[in-house]
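Chemist: please find the sequence and the predicted model below.
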Amino acid sequence: RMLSDDIATRQIAVDQKHVYCGNMILKNLNPQTVRSIGDGYITDGQVSYYCSQITERNTELNVVQEVWQILLHHTGIGSKPQNYWYPHYQLEVSKFPYQLTVQGTVSNGENTYFRGKLVEQANGQTMRYLPSCSGSCERLRESSHYTADGTHVYYKNQRVPVQDHPQLMVFDFGGGIESEFLHDPETQNFYYQTSP
């Protein structure tokens, strides 16, 4: 059965013995007590995971392995190759519960994760998405990947070498997620991902 009706957990299922992210078993989770934290994060009270809502190419499967698995599958000897999957990450076990702070981000007061990846030195309780502008900048929206916590600025889970301040702005020059540039008006520097 599906873990919940929440659209962010539609890729997560449970049966009597296991919890699944797509068709991959998430180890050490208790299917009887597992619940959704939100945005693809789940916990059984002890172990916590992130299971992405979007499939990605399985980079752990090299070309030779994939071709071999395809041949085995077509001859009826093997299973279908796992060339796409839902990326999933186990969070560090903690005595403090993880809570959703902003979309895609959880924190337990000690560790903060953005889409399942640890964000070094981040304060999850003060994390926010930076404003983003596309075109005339009359209507701002939240950036897709740039966040700040009052001290540091991050692109996804990586730190950007700029201090957080209220004038930071993200510009989307191409209308796509990977076309965002961070602008620091205090230094007049632009950053693409983490690079000035």
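Modeler: On my side now, so go ahead. All values derive from a computational prediction rather than experimental measurement.

Chemist: need the contact list for Tyr20.
Modeler: By CB atoms under 8 Å, 6 or more residues apart in numbering, the contact list for Tyr20 reads Ile12, Ala13, Val14, Leu26. Quick note: C-beta positions are derived from backbone N, CA and C, even for glycine.

Chemist: neighbours around the first one, how many?
Modeler: Going back to what we said before, that points to Ile12. Ile12 is surrounded by 26 other residues when neighbours are defined as other CB atoms under 10 Å.

Chemist: so how far is Asp6 from it?
Modeler: Counting by CB to CB, to the nearest Å, the separation of Ile12 from Asp6 is 9 Å.

Chemist: joint contacts of these two?
Modeler: When contacts are counted by CB under 8 Å, 6+ apart, Ile12 and Asp6 have Ser36 as shared neighbours.

Chemist: restricted to strands, list the contacts of Tyr20.
Modeler: Using DSSP state E, the subset of the contacts of Tyr20 located in strands is Ile12, Ala13, Val14.

Chemist: what helix or strand is the nearest residue to the last one once chain neighbours are set aside located in?
Modeler: Once flanking residues are discounted, Val14 sits nearest to Pro31: 4.3 Å by CB to CB, 6 or more residues apart in numbering. Here Pro31, judged by DSSP states H and E, is contained in no helix and no strand.

Chemist: just Phe181 next, same as before
Modeler: strand 180-184.

Chemist: got the contact list for that strand?
Modeler: Contacts of strand 180-184 with the rest of the structure, by CB under 8 Å, 6+ apart, involve 130, 132, 143-146, 153, 155, 160, 162, 165, 167-173, 189-192.

Chemist: of these, buried ones?
Modeler: With neighbours counted using 16 or more other CB atoms under 10 Å, the contacts of strand 180-184 contain these buried positions: 130, 132, 143-146, 153, 155, 160, 162, 168-172, 191.

Chemist: pick out whichever of the residues you listed sits closest to Arg1.
Modeler: Checking those against Arg1 with CB to CB, the nearest one is Ser144 at 31.8 Å.

Chemist: rewinding a little: just checking, the residue nearest to Val14 touches Asp15?
Modeler: Yes. Shown here, Pro31 and Asp15 form a contact pair, counting by CB atoms under 8 Å, at 6.5 Å.

Chemist: with adjacent residues omitted, what lies nearest to Asn189?
Modeler: When the adjacent residues along the chain are set aside, Asn189 lies closest to Pro196, with 5.1 Å between them (CB to CB, 6+ apart).
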